[in-house]
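Novice: have a look at this prediction, sequence included:
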Amino acid sequence: MKKSILFLVMILLLTACYSTETTENSVSSEPIPSTIATEATTFPTVQETAPLPQPVVELTEEEKVMLLKLGMAERGNTECTECIALVMRTVLNRVEAGRFGKSIRSVILAQDQFTPVSDGSYDKAEPNERCQDALEMIIYGWDESQGALYYEWCTGESWHSKNLNLLFQHCDVRFYN
């Protein structure tokens with residue numbers, strides 16, 4: 001914007017000087033050179049800002065808080081925002097599957113499903129900025145979960161690895177269905 005204004009002022013000054021010289025000197029009545037005329041009539045356009053993305057996943061405030069707390073309690077100590085988002089997405093996959101509960105609340109609070117709920121760390125969780133970022137990713141449609149319904153972090157064999165279908169591993173977390 002500043003460059004545009006500066007450019008216009010320069011054109012106006014040049015035009016004014018040219019007009020003054022022509023009038024004072026009465027040398028000739030040559031037209032303004034076409035480059036100046038063209039530049040003076042061509043103004044830079046202002047780019048339209050892109051519309052803000054619309055949420056893909058609609059959540060109530062309570063559901064957002066619940067996902068944030070679970071994300072923090074499960075993976076908030078990680079540097080990987082995607083890991084936190086995958087945990088949250090797994091909850092949503094369970095709701096969509098319909099076998100684990102019909103709401104985020106019922107899925108998260110189901111008995112013996114999430115260790116942080118069972119051991120009380122979910123209740124004490126204070127979500128950090130990475131958790132907020134992960135939730136934003138989910139709300140605006142990010143989903144790399146491949147439909148995962150379970151997750152765990154471990155290196156050896158486990159009940160999950162023996163009884164479920166491993167979909168993928170992200171960081172130190174395995175995701176199953």
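Specialist: Thanks, I have the structure now.

Novice: only C-alpha atoms for contact and neighbour calcs from this point on.
Specialist: Noted.

Novice: shaky segments in the protein?
Specialist: Scanning the chain for pLDDT under 70 picks out 1-49, 52.

Novice: which ones are touching the closest residue to Gly71 other than its chain neighbours?
Specialist: Of all residues not flanking Gly71 in the chain, Ile84 sits nearest, at 5.3 Å (C-alpha to C-alpha, 6 or more residues apart in numbering). Ile84 is in contact with Gly71, Met72, Glu74, Arg75, Gly76, Arg130, Cys131, Ala134, counting by C-alpha atoms under 8 Å, 6 or more residues apart in numbering.

Novice: from these, which land in helices?
Specialist: Gly71, Met72, Glu74, Arg75, Arg130, Cys131, Ala134 (DSSP state H).

Novice: residues near the second one, how many?
Specialist: Same thing as Met72. Burial of Met72 is recorded as 27 neighbouring residues (other C-alpha atoms under 10 Å).

Novice: hang on, isn't it packed against Asp123?
Specialist: No: in this structure, Met72 is not within contact of Asp123 by C-alpha atoms under 8 Å, at 10.5 Å.

Novice: for stretch 105-115, what is the distance to the chain centroid?
Specialist: 27 Å (C-alpha atoms, centre = their mean, to the nearest Å).

Novice: no further questions, thank you.
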